[in-house]
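> A predicted structure for the sequence below; I have some questions about it.
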Amino acid sequence: MMRHRVSYAHLGAKVNPKHVASLVDYFESGCKPDSEFRYGVEIEHLPVRRGDDKAAGYYGRDGVENLLKDLRPYYRHEEEYWENGHLLGLGRPLMKVSLEPGSQVESSIGPCGTLGELVDLYQSFRQELDPIASRMGFRLVNYGYQPRSSYADISVVPKDRYAAMTDYLGRVGQYGLCMMRCSASTQVSIDYRDEADAVAKLRVGTALGPVISWFFKNSPWFEGGPNPYPLLRQRIWDFTDFQRTNLSPGLFDPDFGWEDYAVDVLSTPLMYVDLTHTPEAAGLEQEGLRRVAFKDNAADVYPDRRLNDYEVGHILSTHFNDVRLKKIVELRHWDSLPIARAIRLTGVVGNTFYDQAQFERLTAFCSQLEEIDVFAAKADLQARGSQARPYGRSLDEWGNLLGVEDSLDNLPGDPVHPDVFQV
């Protein structure tokens with residue numbers, strides 16, 4: 001099939017070349033030599049009440065806000081995040097705790113060089129947190145979706161960004177509010193050495209992420225009943241807001257590069273404007289600094305100059321591709337997992353991206369794909385489940401090829417023993 005160059009800008013959208021250059025420089029600053037490659041792992045947890053497993057909320061004496069307040073002594077005062085008078089995040093070296101819109105508690109771990117380090121950090125997090133949550137009458141569970149609650153039962157935490165997202169995503173797609181309030185994920189971030197390596201990792205991750213999802217699916221419930229979808233997280237994100245989710249347009253074009261990724265992001269409506277770190281916006285009222293943006297993109301909002309790192313980071317955070325490019329490559333496909341399965345998933349990621357021989361084989365395979373092939377593979381998995389044959393291979397074949405059963409064997413650092421999984 002003959003390939004042809006496509007435009008990465010949304011039709012009619014304007015893009016500022018200075019903004020494009022800012023994003024490209026931002027990506028360039030993330031380059032690392034292979035010797036410095038690490039993992040970052042984010043695990044989101046669903047807070048549920050003991051007894052009925054209904055979602056625990058943010059507010060009240062026994063709410064998630066007070067959970068964070070009781071955790072404060074374990075974290076650095078200067079890394080606390082408050083907004084509108086409410087505590088929303090904590091931090092210390094190699095561990096950040098933040099809240100997703102429906103009070104999902106996210107632990108952001110790393111960057112780590114070994115699985116042992118990752119497990120130790122996570123164990124410390126849970127050993128500090130679990131007694132507090134238990135005292136308040138709830139616990140944190142790892143599933144891809146709330147087990148007993150509907151999105152309509154859950155209020156959004158008091159963060160301006162989330163209020164804007166509720167306004168925006170509640171209107172443009174099918175599952176935006178479900179995603180915000182009830183879903184939870186495991187995400188793994190990896191490093192890249194240069195532009196070519198970053199793009200190759202975006203392609204391999206985008207093509208194979210849905211396949212890996214099959215082996216790590218963890219969503220038995222949806223909206224208070226049995227989950228009808230083979231891959232619920234994929235279904236939710238594919239139907240949330242297509243202009244900022246799913247595949248990066250043109251990713252499988254052989255000439256695709258950082259500039260193309262930047263143009264796509266910059267031409268998309270921002271959804272949420274954040275001018276709190278834009279000097280030219282000094283003096284604006286609060287509603288002018290942070291607001292919903294149904295049609296404005298970066299060129300409509302930010303000055304005609306190079307963007308600072310905060311502005312770039314915000315713009316990139318409004319895009320939710322299956323695999324997202326920042327100063328790392330962020331793989332976003334997977335349901336929230338208990339730590340044992342999250343470690344095994346990280347092992348699969350290590351085998352796929354940091355084993356050079358395996359990565360070269362998979363890169364060569366993905367170089368033959370086009371966007372339509374990835375869409376077809378995702379649709380096949382959703383339609384046929386265990387009988388699917390994404391890219392012409394059975395799921396058993398893919399499991400063997402990706403080393404799902406041997407995923408702890410080829411990672412750098414100390415081996416991880418089964419007893420460290422007990423949290």
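All right, it came through fine.

> Where is the longest strand in this protein?
strand 39-49 (DSSP state E).

> quick one: average pLDDT of that one?
Mean pLDDT, strand 39-49: 98.

> Please identify the buried residues of the next helix or strand after that strand?
Elements were assigned by DSSP states H and E; along the chain past strand 39-49, the next helix or strand is helix 64-71. Neighbour counts using 16 or more other C-beta atoms under 10 Å place Val64, Glu65, Asn66, Leu67, Leu68, Asp70, Leu71 of helix 64-71 among the buried residues. Placement of C-beta: from N, CA and C, glycine included.

> which outside residues touch helix 64-71?
47, 56-60, 86-90, 97, 99, 103, 105, 128-129, 132-133, 136, 157 (C-beta atoms under 8 Å, 6 or more residues apart in numbering).

> Mark which of those residues are buried, thanks.
Among those, those that count as buried by neighbour count (16+ other C-beta under 10 Å) are 47, 56-58, 86-90, 97, 99, 103, 105, 128-129, 132-133, 136, 157.

> hang on, the earlier thing: so the longest strand of the chain versus helix 64-71, what angle?
Here strand 39-49 runs at 120 degrees with respect to helix 64-71, directions being taken by axes from the mean of the first three to the mean of the last three C-alpha atoms, to 10 degrees.

> Could you pull up the residues touching Arg139?
Counting by C-beta under 8 Å, 6+ apart, the residues that Arg139 touches are Pro47, Val48, Arg50, Asp130, Ala133.

> Export these as TSV, with columns for distance to Arg235.
Compiled in TSV, these are given as follows (distance: C-beta to C-beta, whole Å):
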residue	distance to Arg235
Pro47	23
Val48	22
Arg50	30
Asp130	31
Ala133	30
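
> what's the closest of those to Gly350?
Ranking the contacts of Arg139 by separation from Gly350, with C-beta to C-beta as the measure, puts Asp130 on top at 27.9 Å.

> tell me the helices in the stretch 251-400 of the chain, going along the chain?
Residue ranges of the helices in the stretch 251-400 of the chain, as given by DSSP state H, counting those that start in this stretch, are 258-267, 286-289, 298-301, 309-317, 339-353, 356-366, 371-384, 395-402.

> right, and the ones you listed - which one's nearest Asp194?
Asp194 lies closest to helix 258-267 among the helices of the stretch 251-400 of the chain, at 10.0 Å (C-beta to C-beta).

> The closest one to helix 309-317, inter-axis angle?
An angle of 80 degrees separates the directions of helix 258-267 and helix 309-317 when computed by the same axes, to 10 degrees.

> Remind me what helix 258-267 packs against, helices and strands.
In this structure, helix 258-267 packs against helix 17-28, helix 195-215, helix 298-301, helix 309-317, with contacts taken as 3 or more C-beta pairs under 8 Å, 6 or more residues apart in numbering; DSSP states H and E.

> Show me which positions of the first one end up buried.
The one in question is helix 17-28. Using 16+ other C-beta under 10 Å, the residues of helix 17-28 that count as buried are His19, Val20, Ser22, Leu23, Val24, Tyr26, Phe27.

> how about JSON lines for those residues, with pLDDT and distance to Glu78 added?
Compiled in JSON lines, the buried residues of helix 17-28 are given as follows (pLDDT from 0 to 100; distance: C-beta to C-beta, whole Å):
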{"residue": "His19", "pLDDT": "98", "distance to Glu78": "31"}
{"residue": "Val20", "pLDDT": "98", "distance to Glu78": "34"}
{"residue": "Ser22", "pLDDT": "98", "distance to Glu78": "27"}
{"residue": "Leu23", "pLDDT": "98", "distance to Glu78": "29"}
{"residue": "Val24", "pLDDT": "98", "distance to Glu78": "32"}
{"residue": "Tyr26", "pLDDT": "98", "distance to Glu78": "24"}
{"residue": "Phe27", "pLDDT": "98", "distance to Glu78": "28"}
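
> So which of the residues you listed is the closest to Ala377?
Phe27 (26.8 Å).

> Any stretches of this protein with poor pLDDT?
The chain contains residues with pLDDT under 70 at 1-7, 11-12, 406-423.

> Give me the distance between the residue nearest the centre of it and Leu208.
In the chain, the residue lying closest to the centroid (C-alpha atoms, centre = their mean) is Arg332, at 4.1 Å. Shown here: Arg332 relative to Leu208, a distance of 13 Å by C-beta to C-beta, to the nearest Å.

> same check, this time on Glu397
Distance, Glu397 to Leu208, by C-beta to C-beta: 13 Å.

> Pick out whichever of the two has more residues nearby.
Leu208 (26 against 13; other C-beta atoms under 10 Å).

> Tell me how many other residues surround the nearest residue to Gly205 once chain neighbours are set aside.
Nearest residue to Gly205, sequence neighbours excluded (C-beta to C-beta, 6 or more residues apart in numbering): Val323, at 4.0 Å. Around Val323 there are 22 other residues, counting by other C-beta under 10 Å.
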